[in-house]
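Peer 1: sequence first, predicted model second:
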Amino acid sequence: MMTAQDKILYVANKLGLTSLKDMQASTGAVYDVDIDLSGQIFSNAVRHVNPRITNINQNEFEVNEALLIENISFYVGTSEGFVDNFQRRFGSGAIIVYDLVIGNKRVMKDTPVFAAGSPYAFANVGTTVEGARSKFVPRHQTFMEGAGILIPPQVQWYIQYAIYDVVTGAVIGNDEESAIGCYLFGTKVLLNFNTSI
């Protein structure tokens, strides 16, 4: 079985990135909220750099930076700064269907994430109560452990999504009070200038 580091090095070698062997890797995450309600996440990050909304300023990594995605998680980012649970906001009959696009290739297509059900790995329900509302962390996710997808350096990427009612098949619209957000978790590499350590 290939490790995350093996996959990163394999892709880097195919791209001709020889400096990747001098990099250090750690757990990393990028997140963004579709405040434009465009049906795309990460593609417009440059327009709303704000740590409450996103931790990136463009939808491509720098020359010596990459992310091996091992988990994709969805949540609802409200205009008040709350992170809300997808099921709580849209109901248990909702589903997100998304594509992950890296460069000009769809590397994940029509992937479903249901509002109801497991996994509960990140569902800290009611951890912080402010007024009558609780803050939630993402639980609606796709796990890719052992089969991660690498976002290489200097390649644009984004997630395209739609929300549906699983009973009727109708598209469910969202608004500024229920903007969909997404986290990409995984192994992130950065150029290591301390190669002698």
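Peer 2: Right, received. Where do you want to start?

Peer 1: which strands and helices sit next to the helix or strand harbouring Phe185?
Peer 2: If you go by DSSP states H and E, Phe185 is part of strand 179-191. Applying 3 or more CB pairs under 8 Å, 6 or more residues apart in numbering; DSSP states H and E, one finds that strand 179-191 contacts helix 4-15, strand 23-33, strand 40-41, strand 65-77, strand 157-165. Placement of C-beta: from N, CA and C, glycine included.

Peer 1: can you do 7 Å?
Peer 2: helix 4-15, strand 23-33, strand 65-77 (3 or more CB pairs under 7 Å, 6 or more residues apart in numbering; DSSP states H and E).

Peer 1: which of these comes out lowest on mean pLDDT?
Peer 2: The stretch with the lowest average pLDDT out of the helices and strands packed on strand 179-191 is helix 4-15, scoring a mean of 64.

Peer 1: who's in contact with the nearest residue to Ile159 once chain neighbours are set aside?
Peer 2: Distances taken as CB to CB, 6 or more residues apart in numbering put Ile41 closest to Ile159, at 4.4 Å, once the chain neighbours are dropped. Each residue near Ile41 by CB atoms under 7 Å, 6 or more residues apart in numbering is listed here: 32, 34, 158-159, 161, 180, 182.

Peer 1: and the residues you listed, which are buried?
Peer 2: 32, 34, 158-159, 161, 180, 182 (16 or more other CB atoms under 10 Å).

Peer 1: if we can go back for a sec, farthest-apart pair in the contacts of Ile41, please.
Peer 2: Maximum pairwise distance in these, criterion CB to CB, is 12.8 Å, between Tyr158 and Ile180.

Peer 1: list the pairing partners of the helix or strand containing Val107 within its sheet, with orientation.
Peer 2: Per DSSP H and E: Val107 is located in strand 105-114. Using DSSP bridges, the strands paired with strand 105-114 in its sheet are strand 94-102 (antiparallel).

Peer 1: and the strand it pairs with, which residues are buried?
Peer 2: In strand 94-102, counting by 16+ other CB under 10 Å, buried: 94-96, 98-102.

Peer 1: possible to save those residues as CSV with distance to Lys109 and pLDDT?
Peer 2: Listed next are the buried residues of strand 94-102 as CSV, based on distance: CB to CB, whole Å; pLDDT from 0 to 100:
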residue, distance to Lys109, pLDDT
Ala94, 20, 87
Ile95, 15, 88
Ile96, 14, 90
Tyr98, 9, 93
Asp99, 5, 95
Leu100, 8, 94
Val101, 9, 96
Ile102, 12, 94
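
Peer 1: out of these, which is nearest to Glu62?
Peer 2: Ile102 (15.8 Å).

Peer 1: for the closest one, what are its contacts?
Peer 2: 151, 155, 157.

Peer 1: gap between it and Pro51?
Peer 2: 25 Å (CB to CB, to the nearest Å).

Peer 1: just Pro153 next, same as before
Peer 2: Relative to Pro51, and taking CB to CB, Pro153 is found at 23 Å.

Peer 1: more neighbours: which of these two?
Peer 2: Per other CB atoms under 10 Å, whichever of Pro153 and Pro51 has more neighbours is Pro153, with 19 against 7.
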